[in-house]
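Trainee: A predicted structure for the sequence below; I have some questions about it.
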Amino acid sequence: MSQSTFDDDELFGEAASEMRTEVEEAIAAARAELPDTDDIWDAEADNTLGVMNALKGALDTGDAAAELREAKKQFVIAQRADAFEDGDDLEAELEELEALLGDVDAAHEQAAELASTLPGLRGSLEDATEETSADDAESADEAEA
């Protein structure tokens, strides 16, 4: 039976290794929550509003923000404890993921805004077309008279 040691340096090394693993796992979980590229690029719908709603749904990031937050919390704790010999790679991954998540969220907001604007725009255009048709018919009647 092996004897466990309670050497501070050894325990700190184990804890640092566990923290790095937790950060890496949280980063992987956040990436897994990001939208699938095929779902964003390929859309099947009967009309533009359907496409916009499908895109809005495809751009949903689920729990990615929560996972990213968890990764950043673990990273900050470990960094402040000086637990990483080299945490630059994790920091770069976190920054890249945060920027990507921001881009996806912005696209989601834009798709949602456009989807909510389209029905009103369609109605306004239909009204304008009906008015033009009525004006044209009235002009034709006056010309015949």
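Mentor: Everything's here; your move.
Trainee: report all helices and strands that the one helix or strand in the chain whose mean pLDDT sits lowest contacts.
Mentor: Averaged element by element with mean pLDDT, DSSP states H and E, the chain has its least confident helix or strand at helix 88-144 (a mean of 88). Helices and strands touching helix 88-144, as assessed by 3 or more CB pairs under 8 Å, 6 or more residues apart in numbering; DSSP states H and E, comprise helix 8-33, helix 48-58, helix 64-80. Where you see a C-beta, it was placed from the backbone N, CA and C, and this is true even at glycine.
Trainee: so what does the second one touch, helix or strand wise?
Mentor: Under the contact criterion of 3+ CB pairs under 8 Å, 6+ apart, the helices and strands touching helix 48-58 comprise helix 37-41, helix 88-144.
Trainee: also the first one?
Mentor: Taking 3+ CB pairs under 8 Å, 6+ apart as contact, the helices and strands that helix 8-33 lies on are helix 64-80, helix 88-144.
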